[in-house]
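A.B. asks: Quick one: sequence plus predicted model below, questions after.
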Protein chains: 2
Amino acid sequence: MGTALFKEKMNQACEILKEFHVDCWVTFVRETQVNGDPVLPFLVDANLTWHSALIISSTGRTIAIVGEYDKKSVEDIGAYDEVIGYVQGIKSHFTDTMRSLNPTSIAINYSEGSEICDGLSYGMYLTLHSYLAELGYEHRLLSAEKIISALRQRKTNGEISNIREAIRATEQIFRTASDFIGPGRTEKEIADFMKKEVEAAHLQLAWEARICPGVFTGPDTAEAHYMPTDRKVAPGHILNMDFGVKVNGYCADLQRTFYIRKKGEEKAPADVATGFETLIHAIESSRQALKPGVYGHEIDRVAREIVIAAGYDEFPHGLGHQVGRFAHDGTALLGPPWEKYANKPFEPVEKGMVFTLEPRLIIPERGIATVEEIVVVTNQGADYLSTPQKELFLI
Amino acid sequence: MGTALFKEKMNQACEILKEFHVDCWVTFVRETQVNGDPVLPFLVDANLTWHSALIISSTGRTIAIVGEYDKKSVEDIGAYDEVIGYVQGIKSHFTDTMRSLNPTSIAINYSEGSEICDGLSYGMYLTLHSYLAELGYEHRLLSAEKIISALRQRKTNGEISNIREAIRATEQIFRTASDFIGPGRTEKEIADFMKKEVEAAHLQLAWEARICPGVFTGPDTAEAHYMPTDRKVAPGHILNMDFGVKVNGYCADLQRTFYIRKKGEEKAPADVATGFETLIHAIESSRQALKPGVYGHEIDRVAREIVIAAGYDEFPHGLGHQVGRFAHDGTALLGPPWEKYANKPFEPVEKGMVFTLEPRLIIPERGIATVEEIVVVTNQGADYLSTPQKELFLI
């Protein structure tokens, strides 16, 4: 992340603190190579070794307290008013700083409902609590969930432009792969081909290499989250891929569906075409319903009902998640009201959120059809950031 | 990690539970791509998406409860007796399992003193606590610090052999770099050269690419943890590098010191030679003192006193940390009794621990001399795993 983007997001954080009437936000971490906090990439661009506190105040004051060896890297960001380095221990530096700020509310990174807001470990919470208890400030603690969610979900133009670039690069590799896919190729071979394209373009994968891309062909394939196998592409089957690259730290996450024609077939048979069109209809209808102020579970229902009405089993996951520095980013989710999604489907949709739309359905004896697009929420609706797949890719 | 190593470490975990009289150990995570737990690589080899519980019982029973999409990947490890997949939520599956185990003590991953044992986030702790409170089990919770520390520090032969391979590969790249280093080369050029060697050998870096290798030349260089700059190698200066690669998930972490000869110099001048010999003497003396049952702060003091007695400033960090899946691994530390190290220097040394020994000292107008070796604690002492640097590398 460039210095400009750090400043832009840290200024945004100050505004968000004011909006939610929170005085101070503290990110408290150590050995971040081993045990990170998902919000760190917005606050520093290096790992921190010893106990470190990154403090943003609603007055606009920003202070970093870090081990001496990490001081210069944090100063280089140019986004902190003050960078304090220490050799033996953080405690006195931290308590002195908090005493001087004397905030009436102190937001810290925990959340039961949202993993991106839950970077504070329980051990570090106990340490932080004991430091603040010495000042009598421990009752001023509250969850930074709303602050971190807003910071991540309200994408700046710079962030959207990075996501757009990641999408373009991902689409380009999908196109190149279309010429490689053919009967007899294995899922593994296709995945390896795409990984080489990523390397050649000096890009990074958007998630773990084991399943990026995910390649699923034919009716007996794993459903999702499983690595490519030696299963071979065969005529009459469908193949779907789940893939994304990262540009300047921002991710794309797209799925595309291919049909492998039998000899003499010009187009996909009716059962395959119907399944694909159902998906496209579900995506486009949910995009049209998406706008600021609606709730994720309402949008999920639009797509889910189209799939069910067409006679398919409903998909066993949410319609769409946010995308950002992680492929699965953000708190608000376009998902059903299931326990595992906690309150995420009940968070209101806001302008600047970037969502996937990814219904799926099984076409018996053919395979799994799934398309995943990316949209950005605007003032009044939602626009595609990806180039939507309108037709099956025919092989 | 191969299936064999998973089984070996999970069996070891059962033995450790018995040794510490703990009934059950629960690792509780979600979206591990976003928010991981440093112990996960011993328990699964894929990311887990939804709330997941990895349960090891002292009776030897092992149970994984994961989202349906992650089930097959976890089953593939072949180390769990039971893998339960769910679609909507983990709660009932988890409480049913815990009720059937009815453990009198439940270890969970938190620790104020040791980051490798502190993978449970505060939000996830609150969720876990509420689930167990419904069973009336919440008072059975305790820290898994001793269990995770023992599991990571008692290296099996398979683990030591991976570290040994990583060390050999790291030493090879240091040798190749010796021929590249010369007056006029910048720190950045040297780092880029080494990174290309790592890529060519299809290896991974042992820590973040920004500072792996760390390259520090001359008297004005950053002390540590700072990225390579455009500063040029010059005659009469010393250069030190901090570097390691990873093999099968296990790290090396070594430092080497080079002297850049002036025209006509055959060997290093006396001030440089004395500094280097002080380091070697400190390393060898601390290795000779290292054995099961001693405390880290005692070993740190051996090296620290040699450096101070020779008239140099003491180094502002511990003498040595453990090495394993992370370059900075383990709880027990060969370090001074400073606040930031918490109880780590007071943990007894055990057989099977793998430590670095890395004193450093400043040689005025020359640069920073530092050598880092790796040793393994044996029944009665400690043996080098690295090939110790006995002489300055002369350029």
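C.D. replies: Yes, it's here.
A.B. asks: Helices along the stretch 201-350 of chain A, start to end?
C.D. replies: A:270-289, A:296-309 (DSSP state H, counting those that start in this stretch).
A.B. asks: Could you dump those helices into TSV and include mean pLDDT?
C.D. replies: Shown next, in TSV, are these (pLDDT from 0 to 100):
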stretch	mean pLDDT
helix A:270-289	97
helix A:296-309	97
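A.B. asks: Figure out which of these is closest to A:Asp45.
C.D. replies: helix A:296-309 (31.4 Å; C-beta to C-beta). Using the backbone N, CA and C atoms, a C-beta is placed for each residue, glycine as well.
A.B. asks: What ranges in the stretch 151-300 of chain A fall below the confidence cut-off?
C.D. replies: A:222-224 (pLDDT under 70).
A.B. asks: Quick one: classify whichever residue of the stretch 51-200 of chain A sits closest to chain B as helix, strand or coil.
C.D. replies: Residue nearest to chain B within the stretch 51-200 of chain A (C-beta to the nearest C-beta): A:Gly89, separated by 2.6 Å. At A:Gly89 the chain is in coil, as set by DSSP: H, G, I helix; E, B strand; the rest coil.
A.B. asks: what sits against it?
C.D. replies: A:His51, B:Trp338, B:Glu339, B:Lys340 (C-beta atoms under 8 Å, 6 or more residues apart in numbering or on different chains).
A.B. asks: go again using 6 Å as the cut-off
C.D. replies: Listed by C-beta atoms under 6 Å, 6 or more residues apart in numbering or on different chains, the contact partners of A:Gly89 are B:Glu339, B:Lys340.
A.B. asks: Also the one 5 residues further on?
C.D. replies: Under the criterion of C-beta under 6 Å, 6+ apart, the contact partners of A:Phe94 comprise A:Ala53, A:Ile65, A:Tyr131.
A.B. asks: Secondary structure class of the residue lying closest to A:Cys24 once chain neighbours are set aside, three-state.
C.D. replies: Closest residue to A:Cys24 apart from its sequence neighbours, by C-beta to C-beta, 6 or more residues apart in numbering or on different chains: A:Pro103 at 3.6 Å. At A:Pro103 the chain is in coil, as set by three-state DSSP.
A.B. asks: how many neighbours does A:Pro103 have?
C.D. replies: 19 (other C-beta atoms under 10 Å in any protein chain shown).
A.B. asks: on that earlier part again, most neighbours among the contacts of A:Phe94, which one?
C.D. replies: Ranked by neighbour count under the definition other C-beta under 10 Å, these are headed by A:Ile65 with 25 neighbours.
A.B. asks: Surely A:Ala369 is in contact with A:Arg256?
C.D. replies: No: contact status for A:Ala369 versus A:Arg256: not in contact, 10.3 Å apart, counting by C-beta atoms under 6 Å.
A.B. asks: So between the two, which is more surrounded?
C.D. replies: More crowded of A:Ala369 and A:Arg256, by other C-beta under 10 Å: A:Ala369, with 27 against 24.
A.B. asks: Would you agree that one falls within a strand?
C.D. replies: Yes: residue state for A:Ala369 (three-state DSSP) corresponds to a strand.
A.B. asks: For it, report the pLDDT, please.
C.D. replies: Here, the pLDDT recorded for A:Ala369 equals 95.
A.B. asks: Can you name the residues bridging to it?
C.D. replies: Beta-bridge pairing of A:Ala369 under DSSP bridges involves A:Leu361.
A.B. asks: Okay, and the beta partners of A:Ser52?
C.D. replies: Here A:Ser52 sits in beta bridges with A:Val29, as judged by DSSP bridges.
A.B. asks: my guess is it contacts A:Val29, does it?
C.D. replies: Yes: with contact defined as C-beta under 6 Å, A:Ser52 and A:Val29 form a contacting pair (5.4 Å).
A.B. asks: pretty sure A:Glu57 is touching A:Cys24, no?
C.D. replies: Just so we're on the same page, residue A:57 is Ser rather than Glu. Yes: under the criterion of C-beta under 6 Å, A:Ser57 makes contact with A:Cys24 at 5.0 Å.
A.B. asks: neighbour-wise, which of these two wins?
C.D. replies: Between A:Ser57 and A:Cys24, counting by other C-beta under 10 Å, A:Cys24 is the more crowded of the two (24 against 18).
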